[in-house]
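Attaching a predicted model along with its sequence, questions to come.
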Amino acid sequence: MLNALIVDDEAPARSELRYLLEETGRVDNIEEACNAREAVEALVKGKEGSDHRTDVMFLDISMPRTSGMELAQALQKLKNPPAVVFVTAYSEYALEAFDVDAVDYLMKPVETDRLMRALDKVESRVKPAAPSHASVERIPVEKGGRKVLVPVNQIRYIEAKDDYSCIYTDDDRFLSTISLAKLEQKLTPHGFFRVHRGYIVNLEHVEDVEVISSGILQLGLKGVEDKKIPVSRRRVVSLKRALGL
């Protein structure tokens, strides 16, 4: 899942793009800024908490004082700048966008299919190299005051609990100090999916998908009889895709 920053001086344009991004189910956290100064502040804030580092900036070009193009040029000086996708009503800056290494150039009003293709490009740009299988084959957890290494294929699901992650296996429960965001990054290549801000599930153990009301989904897992896992609305589309539904 991506962390995005929308930079546009027009509030309706920000709201519309936020809605479209949420509908894709591919963006976990969305921040907004109405000018270059607020955008820089949001980037700094994201660096302070690595789980919310900005992966992609959706950037309008025509803004007061500092234009989107000027901001994109400044971002190139950063060691690890976010991917930039221009979102604008003006087509004449397309060539200039390539000079600042923009990932894509979207014309307003943004179409969903076009946005999905832009997200494909962003994910190809920012997706970290998958850790070696050996490095994530087991997850370190706490049990009885000692460290235990749990094989990932034994994990049914993981739930956020205050400052900890609670890892559930076939017949036991463990606490981990690793954040849910970092566990998601490590476990995604092994068939895990973050279905909700507070849950990651092992897709191999998903037994049933139930619609409970107004399109809200919950999951039943093999061997887990007393727990249903909620699915965030904005993750429904990508979850169905992952499950082949």
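Nice, thanks for sending it over. Residues are numbered from 1 along each chain as shown.

And residue 186, how close does it get to residue 137?
10 Å (CB to CB, to the nearest Å). Backbone N, C-alpha and C define where each C-beta goes, glycine included.

The two: which has the busier surroundings?
More crowded of residue 186 and residue 137, by other CB atoms under 10 Å: residue 186, with 17 against 13.

what helix or strand is that one on?
Assigned by DSSP states H and E, residue 186 falls within helix 180-187.

what's the answer for residue 78, then?
Counting by DSSP H and E, residue 78 is found in no helix or strand.

any idea how far it is from residue 232?
Shown here: residue 78 relative to residue 232, a distance of 31 Å by CB to CB.

which of these two has more neighbours?
residue 232 (18 against 10).

so what pLDDT did that one get?
On the pLDDT scale, residue 232 is placed at 87.

which non-adjacent residue is nearest it?
residue 196 (4.6 Å; CB to CB, 6 or more residues apart in numbering).

Could you check how far the one you found is from residue 159?
Taken as CB to CB, the span from residue 196 to residue 159 is 9 Å.

if I look at the closest residue to residue 10 other than its chain neighbours, how far off is residue 54?
In this structure, residue 10 finds its nearest non-sequential neighbour in residue 60, 7.5 Å apart by CB to CB, 6+ apart. Separation of residue 60 from residue 54 (CB to CB): 16 Å.

How many residues are close by residue 119?
21.

Now it, what are its backbone angles?
Main-chain dihedrals, residue 119, degrees, to the nearest 10: phi -70, psi -30.
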